[in-house]
Every structure is written in structure tokens, then in C-alpha cells.
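Student: 3D, please:
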Amino acid sequence: MIFKGNQVVLGLPQEGYRKTLYNTFMRIAMIGQKGVEIGSRGGGIETHVAELSERLVKKGHEITVFCRAKYSPKKPMDFKGVHLRYPKTIYTKHLEAIIHTFFSTIVVMFGTYDIVHYHGVGPSTLAFLPRLFRPHMTVIATFHARDRLNRKWGWFARNFLAFGERTAVWFPHYCIAVSHDIQVYCRDYLGREVVYIPNGANVQEVAESNELEKFSLTPHEYLLTVGRLVPAKGLHYLIEAFRGIETNQQLVIVGAPSFTDAYLESLHALAGGDERIRFLGYQSGEILRQLFAHAYLYIQPSEIEGLPLVVLEAMSYGLPPLVSDIAPNIEAIHGAGFIFKTQDANDLRVHLEELLAHPEMVAEKSAEAKEIIATHFNWDVIADHTDAVYISARH
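Tutor: Numbers count the residues shown, from 1 in each chain. Below you'll find the model as predicted:
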């Protein structure tokens, strides 16, 4: 990846440049995420930061991730060589993230960091502080998603996040977009060229185990969806579509609510006691790996996304996804999956019926899904490209 002014040329660095990357030591602060490996309250940003930080440490950098103590009650101080710090905040829906970002930024500004990396458009609203008061520090932001489109936010929050989109592309030295859709949006609507570096996944090989027996599940006889239980994930469309299908397959929903149980309660009501619909709550580790590895089909009915890490994760197991036709979902599957009309339960039902009736269509996409992950969404390559952004911004 080479930078000429605001012009961005993508691609793997040349061999000589790669040597420069590995020999350049930097102190890097990550701000905006809840933490790393924080369980049911984590999401794509937390996974992104964890995977990226681990690899940047292996390149010889010193990484500090600023975490919110609520999500890591044991407050570990280290994660695979990454330093963890826990500034204070107020745990409310609207103030938690921005107050934590403010105190994290103050800590960083009185430290000896070379790079300050903000994750998310909300935290990026404070990126002007190190630019203004610590000009020797390099400021980077990653635009993970157009959060203002999430229906959970009220008028003020949506407008604040709209402002955050502009700050994410104008305040830092460089802004990274995790999808081409966001990159184009930044160019066409925010007037700024940004760097495209996607989310990633690791190709998985899973040994046989008896984990599924705990839930009375049979391999390849259930459909799977994983994620936070919030309206933007569109699970109500999925349940409505599934209830209209005559099948012995089960629908397995893995995930926990965020901030409130109201949406989960509405999903249970919508399921109407259908015993084929299983709510397994938050799962992780080997159990989640087995659930991915042995599902018949993965389903992502979301209304908004950045670049959905969970879809990439499903594909890394050779599990083909059926996704809503929003641009980030389509970009993620790279043709190694199936598409239905977003917010359309009837169209989702039609596609489910077709895929359940034709298992050969699903099997055909399995190997292709893994190849897409290995080729386009390799975390090691993503870490290389991010390191290249840091190097370019520092010189």
C-alpha cells in the first residue's frame, strides 16, 4: 500500500517495504472499542481490534487497548502481549462510549504514543484533541459502519453520529474504511478519499466433538444465525420467514441482547412457541466453533452493517451464507453465498425453501467460501496493510 498525497494505491507492499514495516517500532493506542474478548457484549469492532492488535504486537509494536471495565470484570492487564487499560466512564446507552473515549484520549495525550487509532465514527469526534494538542502524534480512524442508520438511536444520537462520520474522515491524518461501500460513501457524500482495508477471518478446520449433543442438535439439520439481538440485525424477518416453512430443520439463534431485553422478548413472542426455533443465548469457544462447523446454512438478515465479521466467520468454516441484499453483505460473500431482499420476510422464505430443497446448491458454495476468506480477508494481510498506513502517515 503506497500513499501519494491523498491518493491511495492498494496492494501488498513490495518486499523491501515489508522489511521496513517489520523494523519500525511504534507505540499504538486503540480507542473506541469496549475491549477484547469481552463475551456477550462484544461485536465486530472488538473482534477487529483483538485480531489486529495481536498481529501488530508480533510485528514488534507496543499496543495499548483502552477498555471499558464493565465488560471485563476481572480487568486483565494483558491480552496476547497487548496492554489493556481501563479509564472511567458512565454506563448509559448514550454517554458510555463518548465519555470513555474522552478519558482514554486524555490518558493518551499525556503518554508517549506514536499512533492514536480511533475505532468507530462516534469516538472519532474527539480525534481533533491529539491533532491540536499533541501534533507529534499520528491520528488514524477506522470507519466501521454507518451507525446513525441503526434504529435504536434517537434524533440527537443519529445527528451526533452523522457529525461523527465527517469527523472520522476529516480530523485524522488517515481514515480506514472496512468496506468498499463505506469507501465510496466517504468519497461521494463526505468529500474525502479514504483507505480501504476490510475486516477479516481465519480459515477454520474443526475436529469432531460432542458439543452439539448439549443442545440436542444434529449436524447439518439446523440453520444458524449469530450476533447481538438488536432490531438492526433483522431477526424478526428471519423468524417470520422460518415459521412459514414446512421443514424438520431447526433455526438456531445465538447471541445476547444489548442494553435491553425488550427485543429478545419480542422475538420469543414472534416465535410463538415453535419448538424448531432455538434461542441458545451467548456462546463462544469450542461450542460456537462446532455450531458454525456443522450448520446447514448461515443466515444474515441485517438491515445495516459495516463489513459483517460474523458472515466472514461463517464462511471461514465453509458455511455458505444467505444474506440480505445490503451492499456490505454482498461485498462480504463475494459470490460464495445467496442473497434475498432486505426487510422482506416473504422473499427470505422463498430462498430458504429453495435452498432446503436443493442441498447440492449449498454444498457447491462450501469450498468457495473458504477460498474467498483465504484470498480476500486474511488477517495477516490486513495487519500488513494497517501497518503500512501507520508507516505512511508517520513519514
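Student: Check which element follows the longest helix anywhere in the chain along the chain.
Tutor: For the chain, the helix that runs over the most residues, judged by DSSP state H, is helix 359-376. Going down the chain from helix 359-376, the next helix or strand is helix 379-394, by DSSP states H and E.
Student: Would you indicate which residues of that next one are buried?
Tutor: Applying a neighbour-count criterion of 16 or more other Cβ atoms under 10 Å, one finds 379, 381-393 buried in helix 379-394. Every residue, glycine included, has its C-beta placed from N, CA and C.
Student: Show me how far the longest helix of the chain is from its chain's centre.
Tutor: 20 Å (Cα atoms, centre = their mean, to the nearest Å).
Student: Pull out the buried residues from that helix.
Tutor: Within helix 359-376, the residues that count as buried by 16+ other Cβ under 10 Å are Val362, Lys365, Glu368, Ala369, Lys370, Ile372, Ile373.
Student: Next, the contact list for the last one, please.
Tutor: Which is Ile373. Contact analysis of Ile373 by Cβ atoms under 8 Å, 6 or more residues apart in numbering lists Ala201, Asn202, Val203, Leu312, Met315, Ser316.
Student: Would you check how far apart it and Leu229 are?
Tutor: 26 Å (Cβ to Cβ, to the nearest Å).
Student: and what of Arg243?
Tutor: Separation of Arg243 from Leu229 (Cβ to Cβ) stands at 18 Å.
Student: Contacts only, for Leu291.
Tutor: Residues in contact with Leu291 (Cβ under 8 Å, 6+ apart) are Glu211, Leu212, Leu217, Leu224, Val226, Val252, Val254, Leu280, Gln283.
Student: Could you find the closest non-adjacent residue to the first one?
Tutor: Leaving out its chain neighbours, the residue that sits closest to Glu211 by Cβ to Cβ, 6 or more residues apart in numbering is Gln290, at 4.1 Å.
Student: Let me see the mean pLDDT of the longest helix of the chain.
Tutor: Mean per-residue pLDDT for helix 359-376: 93.
Student: before we move on, the earlier item: what about Arg243 and Leu229, which has more around it?
Tutor: Counted by other Cβ atoms under 10 Å, Arg243 and Leu229 do not tie: Leu229 has more neighbours, with 24 against 16.
Student: next one: phi and psi at the more buried one?
Tutor: Note on Leu229: backbone dihedrals following degrees, to the nearest 10 are phi -90, psi 80.
Student: Same check on Lys88?
Tutor: phi -70, psi 160.
Student: and what of the one 5 residues further on?
Tutor: Taking degrees, to the nearest 10, you get phi -60, psi -40 for the backbone angles of Lys93.
Student: do Val82 as well
Tutor: Val82 has phi and psi values of phi -90, psi 130 when expressed as degrees, to the nearest 10.
Student: Settle this for me: it is touching Gln33, isn't it.
Tutor: No - taking contacts as Cβ atoms under 8 Å, Val82 lies outside contact range of Gln33: 11.6 Å.
Student: Which one of these two is surrounded by more residues?
Tutor: Remark: of Val82 and Gln33, Gln33 carries more neighbours, 31 against 23, as counted by other Cβ under 10 Å.
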